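Trainee: please find the sequence and the predicted model below.
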Amino acid sequence: MSWLTVQKFCSWCAILTGLTFFGGFVIGGFFPPPPPSLPQDQVVAMYQTHQNSIMIGMMVWMASTVFMCFFSGVLSEQLRRIPDAPPALSYAQLASAAVNMIFFIVPPTLFIVTAYRPDRPPELTYMLNDFSWIMAVLPWPGATAQSLAVGLAILVDTGAKPIFPRWTGWYNIFCALAYMVGTGLIFVKSGPFAWNSIFPFWFAGSVFFIWFVIMHFSLLEAFKSDPANKPGAVQTSR
């Protein structure tokens with residue numbers, strides 16, 4: 001199997017990450033999300049009525065971690081090809097991706113725990129629901145650090161034919177800032193900054209999904225200029 005084939009598989013994992021991530025919300029019945037203002041009895045009824053679909057959907061969300069690993073690996077590989085980029089940025093991207101993967105494991109696990117015993121005291125289910133949604137929407141540091149590392153690496157590429165288009169670097173910087181809007185959810189239970197509303201969920205979530213799409217197609221273009229993918233190239237570890 002050629003390096004290019006493996007690289008393309010890893011790049012397509014970006015799309016699979018986004019699809020399984022958001023697909024988990026759909027299967028679990030969390031798309032759109034229930035508002036934080038939902039009364040306790042309705043929250044409990046939701047977990048009692050949709051227990052199996054919630055647990056299956058969260059497993060699909062958790063599966064996105066597998067694809068995120070391969071995508072992050074090939075992204076770091078291509079960032080290392082940027083001649084002017086300090087290696088620290090490639091390592092920072094990989095480290096922050098590892099932190100970001102907690103977001104793909106912990107929140108769905110919390111939702112599974114919440115749905116696991118629907119007959120528990122209602123106030124505990126209500127508390128666990130809050131815990132699960134805040135963990136699902138609030139944590140932005142990993143994604144922000146990852147986009148910042150990628151964006152800075154792309155922007156320092158001053159070559160005549162940059163590895164990645166320069167505009168993708170600016171989009172990454174925009175993403176790094178956009179994810180922070182989720183912080184507002186800790187202060188409100190309704191309005192545009194509630195966990196189910198425009199800024200924390202729809203805006204940040206859309207920016208996140210578009211990031212996967214942009215970086216996937218940018219990687220496919222980057223592979224074309226990779227000397228390791230040229231016919232007759234000697235493939236050695238970088």
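Mentor: Done, it's in.

Trainee: tell me the spacing between Pro35 and Gly205.
Mentor: As judged by Cβ to Cβ, to the nearest Å, Pro35 and Gly205 stand 16 Å apart. Heads up, the C-betas are built off the backbone N, CA and C, glycines and all.

Trainee: what of Asp119?
Mentor: 32 Å.

Trainee: okay, those two: which has more neighbours?
Mentor: Between Asp119 and Gly205, Gly205 has the larger neighbour count (other Cβ atoms under 10 Å), namely 19 against 9.

Trainee: residues contacting the residue nearest the centre of the chain?
Mentor: Note on the chain: the residue nearest the mean C-alpha position is Phe208, at 6.2 Å, using Cα atoms, centre = their mean. Phe208 makes contacts with Gly18, Ala143, Cys175, Tyr179, as judged by Cβ atoms under 8 Å, 6 or more residues apart in numbering.

Trainee: check Leu177 too.
Mentor: Leu177 is in contact with Thr144, counting by Cβ under 8 Å, 6+ apart.

Trainee: if we use 7 Å, what do you get?
Mentor: For Leu177, no contacting residues are found, by Cβ atoms under 7 Å, 6 or more residues apart in numbering.

Trainee: quick check on it: phi, psi?
Mentor: Backbone torsions of Leu177, given as degrees, to the nearest 10, read phi -80, psi -40.

Trainee: burial measure for Leu79, as a count.
Mentor: Using other Cβ under 10 Å, Leu79 has 25 other residues around it.

Trainee: pull up the gap between it and Leu155, please.
Mentor: 12 Å.

Trainee: looking at the contacts of Phe208, which are in strands?
Mentor: Applying DSSP state E to those, no entry is found in strands.

Trainee: same list (the residues you listed) but as TSV, adding distance to Asp41.
Mentor: Shown next, in TSV, are these (distance: Cβ to Cβ, whole Å):
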residue	distance to Asp41
Gly18	34
Ala143	34
Cys175	38
Tyr179	33
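
Trainee: taking those residues one by one, which sit in helices?
Mentor: Gly18, Ala143, Cys175 (DSSP state H).
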